[in-house]
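*Asks:* Have a look; sequence and predicted model below, questions after that.
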Amino acid sequence: MINRVTDMEVNLAPRHPRGLHLSNPVMIASGTLGYDGYGRGLIGNYPLHELGAVVPKTVTRLPREGNPEPRWFPESYREAWEAGDHLFLNAIGLINPGIETAVHEWTPRWAEWNATVFFSFAAHSVGEFGEMAAMTNHAVGISALEVNLSCPNIENGALFSYSAALTHDAVAAVKANTDLPVLAKLAPNVPDITEIARAAVNGGADALTICNTLPAMRIDLASRRPVLGNITGGLSGMALRPVSLALVYQTAQALREMGKNVPIIGVGGIFEAEHAIEYILAGATAVQIGSANLINLGAPWRILEDMRQYIADNAIASLDEIRGAAHPALAGII
């Protein structure tokens with residue numbers, strides 16, 4: 001029998017006046033909320049309120065049509081997974097309706113979900129980040145903003161999260177235009193993740209989401225052409241977890257050295273409860289489930305239940321007991 005009194009609650013914004021309290025640390029990552037990224041196939045069928053939070057797909061200032069087909073490889077993640085291929089690529093290109101439609105038409109629907117929802121958005125300039133943050137001020141149904149600084153599928157030159165200065169300025173612009181907690185989502189392919197993380201924190205980020213997908217490609221031997229219409233895409237799946245886990249570990253150490261109590265949300269390659277626990281041990285406060293949702297929409301609930309079983313079986317009263325335990329100097333502190 002699972003011990004239901006085990007403390008699974010987390011606060012993702014301890015420095016924010018209101019905090020950001022979740023009943024548990026398991027979330028659905030942006031881009032994987034249902035079949036369309038905005039909940040199709042989930043709503044009415046799955047109890048979203050039982051998860052810590054959900055993050056609908058990133059929106060941009062104007063509507064986007066996305067990248068040319070094909071956008072997924074393999075075409076069916078479920079079939080690939082069952083066949084033993086756990087390396088997933090996508091080049092969706094942030095297809096979305098634009099922030100005006102999202103704020104005025106979609107967030108009212110989200111408010112009906114009875115769930116904690118984070119609003120994810122990306123912009124092309126510091127000013128646009130601030131403008132978009134301000135546009136969410138009268139939106140209903142959202143509890144926090146997740147600033148997507150790191151999507152590798154947009155062909156707009158250097159990404160914000162490649163630059164400490166741009167990261168700082170983008171986060172600061174968002175913070176100046178919202179009263180909601182702000183999460184900064186970072187990219188993995190940078191020389192020093194701690195430099196970028198420090199910049200985001202100094203810009204006012206209440207939490208850090210680590211990490212987005214890695215730029216990658218595959219080539220079809222028969223056609224001798226890239227398998228994606230965009231040539232390159234984002235690598236997710238099992239291969240991303242060791243990369244993201246290392247970045248979470250490094251960032252947790254850096255934040256401790258800064259004396260900053262800024263939670264980290266670990267993302268990448270979480271398919272089992274044990275994978276989520278790895279992130280907690282590395283210093284993460286919470287986790288987001290991504291590719292696993294594209295194999296089975298019920299994955300987050302299964303992982304959450306198995307996490308409860310794990311901590312009950314190991315007589316863990318609170319996740320605080322094991323958070324950062326992989327860092328001998330941090331165990332029980334962060």
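*Replies:* Ah, there it is.

*Asks:* Tell me, how many residues neighbour Val140?
*Replies:* When counting by other C-beta atoms under 10 Å, one arrives at 12 neighbours for Val140. From N, CA and C alone the C-beta is placed, and that goes for glycine too.

*Asks:* so how far is Pro97 from it?
*Replies:* With distances defined as C-beta to C-beta, to the nearest Å, the gap from Val140 to Pro97 amounts to 17 Å.

*Asks:* Ile43 now?
*Replies:* Distance, Ile43 to Pro97, by C-beta to C-beta: 17 Å.

*Asks:* which residue ranges form the helices in the stretch 201-334 of the chain?
*Replies:* For the stretch 201-334 of the chain, helices defined by DSSP state H, counting those that start in this stretch occupy the ranges 240-258, 273-282, 291-295, 299-313.

*Asks:* any chance of those in CSV, plus mean neighbour count and mean pLDDT?
*Replies:* Supplementary listing: these in CSV, determined by neighbours: other C-beta atoms under 10 Å; pLDDT from 0 to 100:
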stretch, mean neighbour count, mean pLDDT
helix 240-258, 21, 97
helix 273-282, 22, 98
helix 291-295, 23, 95
helix 299-313, 19, 96
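
*Asks:* separation between the nearest residue to Pro188 once chain neighbours are set aside and Trp113?
*Replies:* Nearest non-adjacent residue to Pro188, counting by C-beta to C-beta, 6 or more residues apart in numbering: Cys211, 4.1 Å away. Relative to Trp113, Cys211 is positioned 26 Å away (criterion: C-beta to C-beta).

*Asks:* Tell me which of these two has more neighbours.
*Replies:* Applying other C-beta under 10 Å to Cys211 and Trp113 shows that Cys211 carries more neighbours, namely 27 against 17.

*Asks:* which residues touch that one?
*Replies:* Neighbour list for Cys211: Ser150, Lys185, Leu186, Ala187, Pro188, Ile193, Leu240, Val243, Ser244, Leu247, Val267, Gly268 [criterion: C-beta atoms under 8 Å, 6 or more residues apart in numbering].

*Asks:* Tell me which two of those sit farthest apart.
*Replies:* Taking every pair in these and measuring C-beta to C-beta, the maximum separation is 15.0 Å, between Lys185 and Val243.

*Asks:* For the residue lying closest to Gly141 once chain neighbours are set aside, the count of nearby residues, please.
*Replies:* Computed as C-beta to C-beta, 6+ apart, the closest residue to Gly141 that is not its neighbour in sequence is Ala111, at 3.1 Å. The burial metric for Ala111, expressed as a neighbour count using other C-beta under 10 Å, is 14.

*Asks:* any idea how far Leu247 is from Ala111?
*Replies:* Separation of Ala111 from Leu247 (C-beta to C-beta) stands at 33 Å.

*Asks:* Next: Thr232.
*Replies:* Here the criterion is C-beta to C-beta. By it, Thr232 lies 20 Å from Leu247.

*Asks:* Verify the stated contact: Leu183 with Asn148.
*Replies:* No: with contact taken as C-beta atoms under 8 Å, Leu183 and Asn148 are classed as non-touching, separated by 9.6 Å.

*Asks:* Could you report the neighbour count for Glu272?
*Replies:* For Glu272, using other C-beta under 10 Å, the count is 16.

*Asks:* Can you give me the pLDDT of it?
*Replies:* Reading off the confidence values, Glu272 has pLDDT 98.

*Asks:* what's the answer for Leu87, then?
*Replies:* We have a pLDDT of 89 for Leu87.

*Asks:* check contacts around it.
*Replies:* Under the criterion of C-beta under 8 Å, 6+ apart, the contact partners of Leu87 comprise Arg218, Leu235, Gly237, Met238, Ala239.

*Asks:* Would you list the phi and psi of it?
*Replies:* When read as degrees, to the nearest 10, the backbone of Leu87 gives phi -100, psi 110.
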